[in-house]
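> Let's see this in three dimensions:
(one chain, ligands or ions: 2)
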Amino acid sequence: MNSIVFITGATSGIGEACARKFAANNHSIIITGRREERLKKLAEELRKEFGVEVHSLSFDVRNLQEVQQVFTSLPEDWKTIDILVNNAGLAAGLSPVQTGVVDDWERMIDTNVKGLLYVSRTILPGMIARGKGHVINIGSVAGREVYPNGNVYCATKFAVDALTKGIRMDTVEHGIKVTQIAPGAVETEFSMVRFRGDAERAAGVYKGFHPLLAEDIADAVVYVTSLPSHVNINDMVIMPTAQASATVLNRKS
Ligand code: NDP
Ligand code: 8X3
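Ligands and ions are numbered 1, 2, ... in the order given. Here you go, the predicted model:
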């Protein structure tokens, strides 16, 4: 078997693009997410198109028991994960704290912070036992700058930044690589989720400029895993050319 790559949130956007790129590079892939039908379809497609081995696991990263159970259920030769892409995440809403929806806060904190911790806690011990592994956390420009009404989503991505540094410090003596990739605006299902299916509002986020594509981020994810064993990219911030900061965009219309 080639490297085994475990990707959270592979049912759409950046995670799905990562699955395609890793498959195109002949890696064995474990694709995960809650939407089982999408996982099945993607697994079949990747097997057919690239002739690689694909395992799919449907679970919610917010549920520690589920995370542990699905990992335990993996066949032994799939447990030796080389690369973990902690990508599953979301923004829910865009409101001031004083009128914020508490349930949205819980979803973001539980998914973006606790989910990343649960998956890392489950997979890191094996990497440490084998003395090698690479963890890639998908952060965000929102983890570098706070923007109006971004409050809790930004806080979760600042937490991803802190956890990336913390995991790197905790595992450096075991030879583990830890990378954060922090994108600006990427056109995926992200804004549809954030605005609860309001397609017009979601499309408006990317109007008048050329946003990043999920494939652009997947290229970077695959690149950081392609370097010699003594080289680690700690951190990468990737923006559309038309975006200078979280709030400064060169919109033409
Ligand atoms: P998408 O909405 O397209 O994809 C999000 C993925 O996360 C889906 O596969 C979804 O799968 C999965 N996911 C969400 N919640 C859970 C959960 N509780 N358990 C398991 N999987 C879950 O958005 P993106 O591809 O854009 O987002 C991927 C990551 O990139 C996120 O962490 C996001 O914060 C980050 N990011 C996005 C940017 C953007 O502009 N799009 C910019 C910067 C960072 P399912 O629903 O099937 O469970
Ligand atoms: C997603 C990018 O700017 O919408 O993390 O927060 S932003």
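> who's in contact with Arg168?
Ile176, Val178, Asn234 (C-beta atoms under 8 Å, 6 or more residues apart in numbering). (Each C-beta comes from the backbone N, C-alpha and C, glycine too.)
> Can you select the buried ones from those in PyMOL?
Of the contacts of Arg168, the buried ones go into a single PyMOL selection, burial set by 16 or more other C-beta atoms under 10 Å:
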select buried, resi 176+178
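> Looking at the contacts of Arg168, which one is closest to ligand 1?
Proximity of the contacts of Arg168 to ligand 1 (C-beta to the nearest ligand atom) peaks at Val178, which lies at 16.2 Å.
> any idea how far that closest one is from Ile217?
17 Å (C-beta to C-beta, to the nearest Å).
> try His230
The gap separating His230 from Ile217 is 25 Å, by C-beta to C-beta.
> Between the two, tell me which one has more neighbours.
Between His230 and Ile217, counting by other C-beta atoms under 10 Å, Ile217 is the more crowded of the two (25 against 7).
> Can you tell me the element the more buried one falls in?
Applying DSSP states H and E as the criterion places Ile217 in helix 214-224.
> Against which helices or strands is that helix packed?
helix 13-24, strand 133-138, strand 176-183, strand 235-238 (3 or more C-beta pairs under 8 Å, 6 or more residues apart in numbering; DSSP states H and E).
> Turn these into a markdown table, including distance to ligand 1.
Shown next, in a markdown table, are the helices and strands packed on helix 214-224 (distance: least, C-beta to the nearest ligand atom, whole Å):
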| stretch | distance to ligand 1 |
| --- | --- |
| helix 13-24 | 2 |
| strand 133-138 | 4 |
| strand 176-183 | 4 |
| strand 235-238 | 9 |
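> Same list, these, but as JSON lines with distance to His210 and mean pLDDT please.
Shown next, in JSON lines, are these (distance: least, C-beta to C-beta, whole Å; pLDDT from 0 to 100):
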{"stretch": "helix 13-24", "distance to His210": "17", "mean pLDDT": "98"}
{"stretch": "strand 133-138", "distance to His210": "21", "mean pLDDT": "99"}
{"stretch": "strand 176-183", "distance to His210": "14", "mean pLDDT": "99"}
{"stretch": "strand 235-238", "distance to His210": "14", "mean pLDDT": "98"}
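> Of all these, which one is nearest Asp77?
Asp77 lies closest to strand 133-138 among these, at 16.0 Å (C-beta to C-beta).
> and that closest one, anywhere near ligand 2?
No: Strand 133-138 lies out of reach of ligand 2 by C-beta under 6 Å from any ligand atom, never closer than 8.8 Å.
> Tell me how far that strand lies from the chain's centre.
9 Å (C-alpha atoms, centre = their mean, to the nearest Å).
> Just the angle for it relative to strand 176-183, thanks.
20 degrees (axes from the mean of the first three to the mean of the last three C-alpha atoms, to 10 degrees).
> I'd like to know which elements strand 133-138 is packed against.
Under the contact rule (3+ C-beta pairs under 8 Å, 6+ apart), strand 133-138 is packed against strand 83-86, helix 116-130, helix 151-171, strand 176-183, helix 214-224.
> switch the cut-off to 6 Å
strand 83-86, strand 176-183 (3 or more C-beta pairs under 6 Å, 6 or more residues apart in numbering; DSSP states H and E).
> May I have that strand as CSV, with CA atoms only?
Backbone C-alpha positions of strand 133-138 (Å, rounded to 0.1, in the frame of the first residue of the first chain) are rendered in CSV as follows:
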residue,chain,number,x,y,z
GLY,A,133,3.1,11.0,10.3
HIS,A,134,1.8,14.3,9.0
VAL,A,135,-1.1,16.3,10.3
ILE,A,136,-2.5,19.1,8.1
ASN,A,137,-5.0,21.4,9.7
ILE,A,138,-7.2,23.6,7.5
